[in-house]
Structures are given as C-alpha cells and as structure tokens.
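Participant: Okay, here's the prediction I keep looking at, along with the sequence it came from:
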Amino acid sequence: MKIFSYTFKAMLLSLAFLSAPEIAVAQHFEGEIRMQFHSPDNGETETLTMFVKENRLTLAGDLKNYADFPLLRDALTIRADRSDVLIHSSDQVAVVNLRDIEMLIRQFMPANGNQQPELDLDIEDRTLINETGEQRTILGHNSRKLIVQDAENENAETHIWVSDLGINWEQLLSPVISLGQTLGGNLDVSSWDWPLSETPMLIEYFDSGELQMRAEITHVTPRPLSADEIDIPEGKQAISLFQLMMQQN
C-alpha cells in the first residue's frame with residue numbers, strides 16, 4: 001500500500017482545522033521545505049520537497065507515490081496568482097487552468113448521468129480537535145500539539161505538531177479550494193475557523209493505537225527561489241493539457 005493512503009487524510013485534516021488565532025505576517029516565507037513520510041508497516045520512506053513563495057507552491061519528488069493520478073510527472077506547481085497548475089516533466093511543462101482540471105476530473109470520475117459529482121469534503125462536521133497545551137521546539141520553531149479525531153472512525157487519531165513559519169496555506173492552495181467548490185464539494189472556507197497560518201511540522205496517524213504513518217518536516221531553508229523552481233523553467237517547452245493527455249496514449 002502506498003504511503004499516500006495514510007498521508008492524504010492526515011495532511012488534509014492538519015491543514016483544514018488549525019484553529020490558532022490569525023497572526024499578521026510581515027513577509028511571506030520564501031524557500032525550500034523537505035518533508036519525509038514513513039510507513040512503519042513496510043519500512044517505506046518517501047521525501048517530498050516543497051518550494052514555497054507567496055502565491056506559488058511547487059511539489060517535487062516521486063509524486064506518483066503520493067497520489068494515484070496518471071498525469072503526474074516530476075513536479076507540480078500551483079500558481080495561485082494565475083489560478084492554474086503546472087505539471088512538470090523532464091523537458092516539458094503542461095499549463096493547466098482550473099476549467100481543464102475540472103474536465104479531466106469529470107472524465108476520470110464514474111459516470112453518474114447528469115448528476116453533479118460531489119466530493120467528500122465534509123470534514124469539519126466529523127472532526128474533533130483537541131488542543132493539548134503541549135509545546136516543543138522542532139527545527140528551531142516553537143510548535144504546539146493538536147490531536148485530531150475522526151467521528152466516523154473512533155479508532156483513528158492524528159497527532160499534529162504545528163508551527164508558524166510565515167506561510168499562508170489558504171492563499172497558496174486557493175486554486176485547489178476553488179476547484180473543490182466548482183465540483184460541488186461542501187468546501188466553504190468562509191465558514192471554517194481555519195486561517196491556515198500554521199504549518200504541520202510533525203504528523204503521526206494512529207489506528208487502534210498503532211502508528212500507521214509518520215510525516216515530518218526535516219529541513220526548512222529560507223532562501224530566494226529561482227524562476228525555474230516556481231514557474232516554467234527556461235528551456236522547457238510549454239504544452240497544453242490536451243497535448244499531455246495525448247502523450248499518455
């Protein structure tokens with residue numbers, strides 16, 4: 001089983017329900033963050049590298065181990081300022097706008113006639129957050145511990161240590177949030193108490209008391225990012241989603 005089967009749920013919970021008060025950040029974080037995922041069950045470990053800048057987020061690594069999406073390549077860039085996504089390969093970059101993504105997702109969804117597809121994003125209604133009051137320092141950053149419980153699975157529990165790194169995740173993920181709203185999911189962030197001003201430094205997912213997945217940030221490196229890390233790299237050909245899909249055949 002791929003590590004993603006545990007990590008996606010844990011990361012979604014950790015990002016969606018951080019209830020810290022809004023903190024004014026003078027300058028958005030810019031730099032490189034590395035996160036390591038480990039599955040105790042099979043000893044598998046994967047590393048995800050994130051290049052973060054205001055309005056831009058690039059995920060790099062073996063992305064197919066994190067999500068079962070056939071068009072993923074070497075890296076994925078979310079350009080919140082352009083409301084699109086870049087899918088990187090070794091010599092090309094597919095530029096995909098939200099409408100194209102919506103059409104693609106509908107193509108891979110099971111046929112439901114004319115029924116509007118609904119995403120299972122009612123997480124707030126079934127999630128319980130416990131502020132433990134515990135604090136510790138992780139990579140030099142003061143972190144606090146949350147315990148997240150899923151009302152639909154009383155045996156499941158996620159322990160999350162969060163810290164303020166000066167990253168506005170709601171802003172960075174806004175194209176993905178908009179896509180969820182477009183597809184009919186119950187993703188109304190305006191009614192949620194989640195400023196997303198904190199970053200999960202350590203995530204541990206337990207089922208029946210057994211550790212199933214551990215995800216931790218291992219490096220936080222503030223530095224200026226190059227255009228190649230958060231945009232279309234120089235020398236790579238920009239193609240459309242249609243062209244990328246044709247290459248799959």
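Facilitator: Nice, thanks for sending it over.
Participant: did I read that right, residue 170 in a helix?
Facilitator: Yes. Assessed by DSSP: H, G, I helix; E, B strand; the rest coil, residue 170 belongs to a helix.
Participant: Count residues in the vicinity of it, would you?
Facilitator: Residue 170 is flanked by 17 other residues according to other C-beta atoms under 10 Å. In short, each C-beta sits where N, CA and C put it, glycine included.
Participant: Identify the bridge partners of the nearest residue to residue 62 once chain neighbours are set aside.
Facilitator: Leaving aside its chain neighbours, residue 62 sits nearest to residue 46 (6.4 Å; criterion: C-beta to C-beta, 6 or more residues apart in numbering). On the basis of DSSP bridges, residue 46 takes part in beta bridges with residue 37.
Participant: I'd like the distance between residue 46 and residue 56.
Facilitator: Per C-beta to C-beta, to the nearest Å, residue 46 is found 23 Å from residue 56.
Participant: Which one of the two is surrounded by more residues?
Facilitator: The residue with more neighbours, out of residue 46 and residue 56, is residue 56; 22 against 19, by other C-beta under 10 Å.
Participant: contacting residues for the more buried one?
Facilitator: 77-81, 172, 225, 230-231 (C-beta atoms under 8 Å, 6 or more residues apart in numbering).
Participant: Report the buried members of the residues you listed.
Facilitator: Taking 16 or more other C-beta atoms under 10 Å as the criterion, what is buried in these is 77-80, 172, 225, 230-231.
Participant: in this protein, which spans are helices?
Facilitator: Applying DSSP state H to the chain gives helices spanning 4-16, 98-108, 169-172, 174-182, 227-230, 241-247.
Participant: Quick check: bridge partners of the residue nearest to residue 139 when sequence neighbours are not counted?
Facilitator: Leaving aside its sequence neighbours, residue 139 sits nearest to residue 220 (C-beta to C-beta, 6+ apart; 5.4 Å). Beta-bridge pairing for residue 220 (DSSP bridges): residue 33.
Participant: Surely residue 220 touches residue 143?
Facilitator: No. If you go by C-beta atoms under 8 Å, residue 220 and residue 143 don't touch, sitting 11.7 Å apart.
Participant: so how far is residue 208 from the residue nearest to residue 149 when sequence neighbours are not counted?
Facilitator: Nearest residue to residue 149, sequence neighbours excluded (C-beta to C-beta, 6+ apart): residue 128, at 4.4 Å. Going from residue 128 to residue 208 by C-beta to C-beta gives 17 Å.
Participant: do the same with residue 42
Facilitator: 18 Å.
Participant: quick one, strands of the protein?
Facilitator: 31-38, 45-53, 56-60, 75-79, 84-88, 92-97, 127-138, 141-150, 153-163, 199-207, 210-222, 237-240 (DSSP state E).
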